[in-house]
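Q: quick one, what's the 3D model for this:
(chains A and B)
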Amino acid sequence: MSLNANQLKHVAHLSRIAIDEAQVPAMLQDLNAILAFAEQLQDPRLDKLMPMAHPLDQTQPLRPDRVTERDERVVLQAGAPAVAQGLFLVPQVIES
Amino acid sequence: MSTHSRWEAVIGLEIHAQLATKSKIFSGAATTFGAEPNAQACAVDLGLPGVLPVLNAEAVHMAALFGLAIDAEVALESTFDRKNYFYPDLPKGYQISQLAQPIVNGGQVVITLGEGEAAEQKTVRVTRAHLEEDAGKSLHEVFAGMTGIDLNRAGTPLIEIVSEPDMRSAVEAVAYARKVHAIVQYLGICDGNMQEGSFRVDANVSVRPKGQISLGTRTEVKNVNSFRFLERAILFEIERQIELIEDGGTVQQQTRLYDPDKDETRMMRTKEAADDYRYFPDPDLLPVVIEPATLAIWRDSLPELPDAKARRYQSEYGLTPYDAAVLTSSKETAAYFEQTLAALADRLPDQVADAKLCANWVTGAIAAQLNKTGLAIGDSPVTAPSLALLLVRIVDNTLSNKLAREVFEAMWAGEGEPDAIIDARGLKQITDSSAIEALVDAILAENPDKVAEYRSGKDKLFGFFVGQAMKAAGGKANPQQLNEILQARLGPPGEQA
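A: Next up is the predicted model:
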């Protein structure tokens, strides 16, 4: 498997990573090298194995349904670029 | 769709039900509705670096209860996946959901269609139901050029219930949504408040020529926060698609928002390649395992659900399938009916309480007033014990049905308990035979020509005499006694006295 330039730009867009057109050839080469390396995973015979959801042979611990967190809005919003009336403010994202 | 009888609609619903846990699905922050913005959003809900999700046991329990209630397979092992997309009300950049191994697989919901004798049942299949976290809320209209983000809702546990495309009309879709709504409330796993967004319905709608097997291109209709809007949104969307195709166009796969003010749907975004969620197993969460013994305990703990209750109402009380379905359509309605019946039995310990009478009043007068006023049955100004007091006066012949209606309306208007209203208005039914006989004799004496006509065969005049006597009695004569006495006095029609 290998990526072409359009697929690279699509993935970059989905990840909200801005890349220069000039970077594309080098990045393609790097990513395709990584994909070729990862392709080794296709070699082992896996058809008789159950798919594995997690490498640890453990199950999910559960927590009781209790409220343990206090209102720490002031602290948690200290690092936010813009805040008003208790809300985080971000550039308008409404879709037309 | 009467004008479009060559077309058939195909509808599937995705229902998001917020689970009624105290804390969030992966954090210990509270889930209470209506808190100050971001006062219930902790570091986990904000997706701050270094935090890890820890699954809420009660969310798993509630999702499993839903699966058991709809006769689905509850997965003994389920897993969580990340659904990746960027939006400011999703601070982690992904929603934790279940794709590959959801907690509930399959299942079915039985809906009742039509009314009275013509009512029939249909089974709608459920594809799956999975656990996931809710996103936050975006406020677009408060700040110029900026969007406000409230993350209180972020991390609230949801089950997304996905149906098969088994519904063929807006009416069927609403019946299914209402039934799911009833089930989650009977189970106590969701408060069902649609205005607050606790129960949200998205409809996938397509049309195809009748007889065609393959499905048409579908649109997804979002933003319906009541059953009435759900019906109207689907009706609009069906008509829109049919007109589009008949005018030579094609339906585009897209998400559409319903606008209740304009009663129309409009395009929100086209799907195509926009939805590329790059799901993968969430490495922060291990497989969730439910022991078979635990599942058995949960199964035994299920409350009586609408269908079982409706069957019991039919076998135990002799109610019709339709009445039973209406009375069990919500937990509150069933509770109101049962409280009325119990109160009636208390008042009349030496006879079997008349369940049919209770059912008629709850599905009739009460339902009509609730409909008219838009009130929920829990807020009815006539409480179940008060209604029972009124029914006692029907059973003991103090009131005819007509007088009972008058008393009921006074009760609804807040004039007090039935006995006080009967006294204040002098509504007591006349059951004294000699008094009714006197009334009848007076009417017959006043109308000798009508009596002669009746006796010569004009039997329709019987109604005239009933009307005159009832008028003279101020509407209070016992109708059955009045009929009997009139018949005895007049003799069979066509017979000369």
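Q: going forward, measure contacts between C-alpha atoms and count neighbours the same way
A: Will do.
Q: name the SS class of B:Val205, please.
A: When the structure is split into helix, strand and coil by DSSP: H, G, I helix; E, B strand; the rest coil, B:Val205 lands in strand.
Q: now it: closest residue in space that isn't a chain neighbour?
A: In space, not counting the residues next to it along the chain, B:Val205 is nearest to B:Ile11; the distance is 4.8 Å by Cα to Cα, 6 or more residues apart in numbering or on different chains.
Q: find the residue at the geometric middle of the chain.
A: Picked chain A for this. When chain A is reduced to its mean C-alpha position, the closest residue under Cα atoms, centre = their mean turns out to be A:Ser15, at 7.2 Å.
Q: meant chain B actually
A: The centre of chain B sits closest to B:Arg178, judged by Cα atoms, centre = their mean, with a distance of 4.5 Å.
Q: mind checking pLDDT for it?
A: What the model reports for B:Arg178 is a pLDDT of 96.
Q: before we move on, the earlier item: distance of the residue nearest to B:Val205 from chain A?
A: Computed as Cα to the nearest Cα, to the nearest Å, the B:Ile11 to chain A distance reads 26 Å.
Q: okay, now that residue: neighbour count?
A: Applying the criterion other Cα atoms under 10 Å in any protein chain shown, we find 25 residues in the vicinity of B:Ile11.
Q: can I get whichever helix or strand it is part of in CSV? Just the C-alpha atoms.
A: For B:Ile11, the host element (DSSP states H and E) is strand B:7-18. Coordinates of each C-alpha in strand B:7-18 appear next as CSV, following Å, rounded to 0.1, in the frame of the first residue of the first chain:
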residue,chain,number,x,y,z
TRP,B,7,-44.3,5.5,-3.8
GLU,B,8,-43.3,3.8,-0.6
ALA,B,9,-41.3,5.5,2.2
VAL,B,10,-38.5,3.6,4.0
ILE,B,11,-37.6,4.9,7.4
GLY,B,12,-35.0,3.9,10.0
LEU,B,13,-34.4,5.8,13.3
GLU,B,14,-31.3,6.5,15.3
ILE,B,15,-32.3,7.4,18.9
HIS,B,16,-29.8,8.9,21.4
ALA,B,17,-31.0,8.3,24.9
GLN,B,18,-29.0,10.0,27.7
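Q: so, low pLDDT: which residues of chain A?
A: Per-residue confidence of chain A (counting by pLDDT under 70) places the weak regions at A:94-96.
Q: tell me which stretches of it form strands.
A: In chain A, the strands defined using DSSP state E lie at A:62-63, A:83-84, A:87-91.
Q: mind checking which of these is nearest B:Ala488?
A: With Cα to Cα as the criterion, B:Ala488 lies closest to strand A:62-63 of these, at 78.8 Å.
Q: and the closest one, what does it pack against?
A: Contact partners of strand A:62-63 among helices and strands, from 3 or more Cα pairs under 8 Å, 6 or more residues apart in numbering or on different chains; DSSP states H and E: strand B:55-56.
Q: tell me the helix or strand right after the strand it packs on.
A: Strand B:55-56 is succeeded, C-terminally, by helix B:57-69 (DSSP H and E).
Q: report all helices and strands that that next one contacts.
A: When contacts are defined as 3+ Cα pairs under 8 Å, 6+ apart, helix B:57-69 sits against strand B:73-74, strand B:104-105, strand B:120-133, helix B:170-187, helix B:292-300.
Q: most tightly surrounded among the ones you listed?
A: Highest mean neighbour count of the helices and strands packed on helix B:57-69: strand B:104-105, a mean of 24 (counted as mean count of other Cα atoms under 10 Å in any protein chain shown).
Q: which residues are in contact with the helix or strand just after that strand?
A: On the C-terminal side of strand B:104-105, the nearest following helix or strand under DSSP H and E is strand B:108-113. The contact list for strand B:108-113 (Cα atoms under 8 Å, 6 or more residues apart in numbering or on different chains) reads B:70-72, B:119-126, B:172, B:175-176, B:179-180, B:307, B:322, B:325.
Q: quick check: buried residues in strand B:108-113?
A: When burial is assessed from 16 or more other Cα atoms under 10 Å in any protein chain shown, strand B:108-113 yields the following buried residues: B:108-113.
Q: can I get those in TSV including pLDDT and distance to A:Glu39?
A: Listed next are these as TSV, based on pLDDT from 0 to 100; distance: Cα to Cα, whole Å:
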residue	pLDDT	distance to A:Glu39
B:Gln108	98	42
B:Val109	98	45
B:Val110	96	49
B:Ile111	96	50
B:Thr112	93	54
B:Leu113	93	55
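Q: may I see those residues arranged in a markdown table, with distance to B:Pro283 as well?
A: Conversion of the buried residues of strand B:108-113 to a markdown table gives the following (distance: Cα to Cα, whole Å):
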| residue | distance to B:Pro283 |
| --- | --- |
| B:Gln108 | 32 |
| B:Val109 | 34 |
| B:Val110 | 38 |
| B:Ile111 | 40 |
| B:Thr112 | 44 |
| B:Leu113 | 46 |
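Q: ok, which pair from those residues is furthest apart?
A: The widest separation within the buried residues of strand B:108-113, taken as Cα to Cα, falls between B:Gln108 and B:Leu113 and amounts to 15.9 Å.
Q: now the longest helix seen in chain A - C-alpha only, CSV.
A: With secondary structure taken from DSSP state H, chain A has its longest helix at helix A:24-38. Listed next in CSV are the C-alpha coordinates belonging to helix A:24-38 (Å, rounded to 0.1, in the frame of the first residue of the first chain):
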residue,chain,number,x,y,z
VAL,A,24,4.5,17.0,-0.2
PRO,A,25,7.1,15.0,-2.1
ALA,A,26,9.3,14.5,1.0
MET,A,27,6.4,13.7,3.2
LEU,A,28,5.0,11.2,0.7
GLN,A,29,8.4,9.5,0.6
ASP,A,30,8.6,9.3,4.4
LEU,A,31,5.0,8.1,4.9
ASN,A,32,5.3,5.5,2.2
ALA,A,33,8.5,4.2,3.8
ILE,A,34,6.6,3.9,7.1
LEU,A,35,3.7,2.1,5.4
ALA,A,36,6.1,-0.3,3.7
PHE,A,37,7.7,-1.1,7.0
ALA,A,38,4.3,-1.7,8.6
